[in-house]
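Q: Output the structure for:
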Amino acid sequence: MLERISSSFSSNTTNVCEQDFEIILQGILKRDMWAMKIFDAWGKPLLSGLLSGHVHWMGNYDECSQQMHLPTNKSFVSQPINTQYCTLLPKPPLSITLGLCVPSSCNQKSVASLIEILFKNSSITENDLICSNDPPYGQQGLARDAIITYTDISEFKLIQVPQNSTSRIIFLAEFSAIRTLRRIFTMKIKNNDDSFLFINGIRVLSLCWVIIGHSIAFSLSYTNNIVDVIVWTRNIAFQLIINATLSVDTFFVLSGFLTAVLFSGPTFYKNIYITPWCRISAYAVGLITGFIVINVGREYRLNKMAKIFGTVLIIILTIICLFATYPDYILPSGLNRSIVVAYQSLSRTFWAIVIGWILFLCSTHQGGIVNKFLSWPIWAPLARLNYSCYLVHSTVLHTMIYSKRMPFFYQAHLVVNNFISQIFFSYIAAIFVTIFFETPFFQLEKKLFKR
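A: Next comes the predicted model:
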C-alpha cells in the first residue's frame with residue numbers, strides 16, 4: 001500500500017505537500033522512528049467491536065501534534081516537517097470516521113487526493129475533512145488575559161471610587177466582579193407570603209434535565225458502541241432521557257404562571273396575556289394556575305380528600321408522560337399508531353398539569369416536603385445563573401464531548417459521571433457570563449430606566 005502511494009507521486013514534483021509525503025513514506029519503509037510515529041498516529045481499523053458500532057478510528061491526536069519531525073536525510077526541502085491532525089468524516093453510506101496525521105504543508109484538497117489514492121474512492125472531497133493545527137500561544141492566552149484585565153480594572157475602580165461619587169462612576173462599578181458574585185451567591189432571601197422560592201428548585205432541576213438530554217443527544221455521534229446504546233433504550237429508566245423534552249414545557253408553565261401572578265399594566269392583556277402561541281397548552285396551564293392562586297389566595301387550603309385525589313391523579317399523569325412510550329421500544333410491532341398520536345397530542349398538556357399542581361400546592365403552602373425541597377436556599381444562586389447556563393451549556397457540552405481524544409464508550413456509571421461534570425462546568429461557565437454580561441447590563445438598565 002505504501003509503495004502504491006509513493007509511486008503515485010511524481011519524482012520531480014515541486015508540490016511541498018507531495019515532497020513531504022514522499023519523505024515520510026521513505027522514512028516509514030526504512031523504519032525511521034520519526035516517520036513511524038507519524039504513521040502510528042493514523043487511525044486504524046479495529047477488528048473488535050465493529051458490530052457494536054465501533055466505527056470511529058481516531059488515531060492519536062497528541063502523538064501527531066507533539067512536535068515537528070526532523071528526518072535525518074531530507075533532500076527535497078530544507079525546513080523540518082511539521083504535522084497536522086485531520087479527521088475524515090465521509091458522507092453516508094460511508095460511516096467510518098478516520099484520524100489522519102499529515103504534513104502541515106498539505107491543504108484539505110491535497111489530503112483528499114491522498115485518500116482517493118489510498119482507498120480507491122473518488123467520492124471523498126475536501127469538504128469531508130476537518131484539519132486543524134494548535135493555535136499560537138498568543139491566541140490561546142487572549143481570553144485569559146482579557147479576563148484578568150477586566151477583573152483588575154473593575155476591582156481597581158470599585159476600590160478607588162468614594163461613596164459619594166457621580167452616577168457615571170457608579171455605573172462603572174456595576175461591572176465589578178465582586179459585587180456581581182455577591183448578588184449571585186447571597187442566601188439572604190425574605191421568605192414572605194409574596195415569595196415563590198420553590199420556583200428556584202423547579203428551574204434548576206428542569207435545566208439539569210435539559211442538559212442531560214442534550215448530553216445524550218450530542219454524544220451519540222461520537223460513541224463507539226452505538227448499538228449498545230440502542231439496546232439500552234429498551235430499559236425503562238431510559239424513558240427519563242427520551243422524554244427529557246418535557247422539561248422545556250416546565251419553563252412554559254412557569255412563564256405563564258409568573259405572568260398571571262406578577263405582571264400588570266394597561267396593555268398587559270393585549271400585549272402579553274394573549275400573544276404566546278407556541279406551546280400554548282403549557283403556557284395556558286401556567287396562566288390558569290396563576291389565575292387560580294390569585295383568586296383563592298395564598299392561604300387557601302384544600303380538604304384532605306381533594307388533596308389526596310389530586311395527588312394520585314398527578315402521579316398517574318406523571319407515569320403516563322414519562323413511561324407511556326416504553327412499550328414502543330420493547331414490543332416487536334411497537335405501539336398502535338392511534339396511541340402514539342394521542343400521546344404526542346396530550347403528553348405536554350398532561351405534563352403542564354403536573355407542574356401546575358405542584359405550583360398550586362407550593363403557592364398555597366400545602367406542598368409539604370416537596371415545597372421545602374424546592375425552596376432550599378441552595379437553589380437560589382443556581383437559579384440566578386439559570387439563563388446564562390442555558391445559553392452556554394451547548395458550548396460546554398460540545399467542548400467536553402468533541403475534544404475527547406477517543407470516542408465515548410457508553411456505560412451506566414460513566415454516563416452518570418459525565419452528567420455531573422457537564423452540569424458542574426455549565427454552571428461554572430454561566431458564572432463568567434453572568435459576571436461579564438448579564439448582571440452588569442441588567443443593573444445598568446434598571447438604573448437608566450429607573451426600574
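Q: From here on, just use CA atoms for contacts and neighbour counts.
A: Will do.
Q: which intervals of the stretch 101-250 of the chain have sub-threshold pLDDT?
A: 121-122, 133-175, 189-194 (pLDDT under 70).
Q: Repeat the analysis, applying 90 as the threshold.
A: 101-200, 212-250 (pLDDT under 90).
Q: All the strands of it, in order from the start?
A: 129-132 (DSSP state E, counting those that start in this stretch).
Q: who's in contact with stretch 400-415?
A: 56, 58, 60-61, 218-219, 222-225, 228-229, 422 (Cα atoms under 8 Å, 6 or more residues apart in numbering).
Q: Most neighbours among these, please name it.
A: Tallying neighbours with other Cα atoms under 10 Å puts residue 56 at the head of those, with 26 neighbours.
Q: from what I can see that residue touches residue 88, true?
A: No - taking contacts as Cα atoms under 8 Å, residue 56 lies outside contact range of residue 88: 9.9 Å.
Q: Can you pull the residues that touch both of the two?
A: Joint contacts of residue 56 and residue 88 (Cα under 8 Å, 6+ apart) are 97-98.
Q: With distance to residue 181 added, can I get the contacts of stretch 400-415 in TSV?
A: Below are the contacts of stretch 400-415 laid out as TSV (distance: Cα to Cα, whole Å):
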residue	distance to residue 181
56	43
58	41
60	41
61	38
218	31
219	33
222	36
223	38
224	41
225	42
228	44
229	41
422	22
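Q: Restricted to helices, list those residues.
A: Using DSSP state H, 61, 218-219, 228-229, 422 are the members of the contacts of stretch 400-415 that sit in helices.
Q: Break down the stretch 1-150 of the chain into its helices, ranges please.
A: With DSSP state H, counting those that start in this stretch, the ranges of helices along the stretch 1-150 of the chain come out as 2-8, 16-29, 33-40, 61-65, 108-119, 137-140, 142-160.
Q: can you check the stretch 301-450 of the chain too?
A: 304-323, 327-330, 337-363, 369-374, 379-384, 386-402, 412-433, 439-448.
Q: for those, which one sits closest to residue 176?
A: helix 439-448 (8.0 Å; Cα to Cα).
Q: just the contacts of stretch 400-415 now: which is nearest residue 30?
A: residue 60 (21.8 Å).
Q: Can you pull the domain assignment for the protein?
A: As recorded under automatic domain parsing, the domains making up the chain are 2-134, 139-173, 180-448.
Q: hmm, back to that, just name the closest of the contacts of stretch 400-415 to residue 34, please.
A: residue 60 (14.6 Å).
Q: which residue sits closest to the closest one, ignoring its sequence neighbours?
A: residue 41 (4.6 Å; Cα to Cα, 6 or more residues apart in numbering).
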